[in-house]
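J.: My questions are about this predicted structure, shown below with the sequence.
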Amino acid sequence: MTQATSAAHRHPVQHTHWFALSTRSRAEKAARDYLDAHAVETFLPTFTRQSRWKDRKKSIEWPLFTGYCFARFDLGEQLTVLKCPHVAAIVSFAGTPSPVPEIEIENLRLLIESELQFDPVPFIKEGDKVQVVYGPLKGVVGRLVRKGQHARLILAVDLISQAVSVTVDASDVKPY
């Protein structure tokens, strides 16, 4: 037995992956802190937002994805994660925890560490029905499409099979 094989045999290689954790309401930071204290690697992307009260403004760090944080662990350790009082569930598909691709976590890390300005936006796919929530078209419902680099909102009159398209800012719409 070679030295490398011997070491691998004594200490099995752990197959850790990143997983998205659904947290209790407003408990993203508490979940991160709890898991960090229990030796589970975590990642909670945040951004700074100005909050306004009657008498002042204050910069506050908010989770980029409300209700979620990320943790890297081996599936054999999932009980440790689920015992966290701030974690509601591990995001799963068909009852099996679904890993988040490493590249997606790294992309978020690079963005967070950059000096670029960014804001969370709803995840909307082309063709989804959306409602405008800001601007002169507030309340309008249509389908989101792309034309070149711009988001377009299609407003249709189904009865006469006619439609009109208008450019919108993707951050001004939400899923309908």
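T.: That came through fine.
J.: And the strands in this structure?
T.: Applying DSSP state E to the chain gives strands spanning 17-23, 41-43, 46-52, 57-63, 68-73, 87-90, 92-93, 96-97, 99-100, 129-132, 141-147, 150-157, 162-168, 173-175.
J.: With respect to burial, which of those strands scores highest?
T.: Burial of the strands of the chain is given as mean neighbour count (mean count of other Cβ atoms under 10 Å); strand 68-73 ranks first at a mean of 22. To be clear about C-beta, it is placed using only N, CA and C from the backbone, and glycine gets the same treatment.
J.: give me every residue that touches L159.
T.: Counting by Cβ atoms under 8 Å, 6 or more residues apart in numbering, L159 touches no other residue.
J.: let me redo that: V164
T.: Counted by Cβ under 8 Å, 6+ apart, V164 has contacts I154, L155.
J.: and with 7 Å instead?
T.: Going by Cβ atoms under 7 Å, 6 or more residues apart in numbering, V164 touches L155.
J.: Quick check: it vs R152, distance?
T.: Here V164 is placed at a distance of 10 Å from R152 (Cβ to Cβ, to the nearest Å).
J.: Over to T42?
T.: 38 Å.
J.: got it, and E102?
T.: 33 Å.
J.: these two touch, right, P63 and E28?
T.: Yes: counting by Cβ atoms under 7 Å, P63 does reach E28; the two are 4.2 Å apart.
J.: Name the helix or strand of the chain that has the lowest mean pLDDT.
T.: Least confident helix or strand of the chain, by mean pLDDT, DSSP states H and E, is helix 3-10 with a mean of 38.
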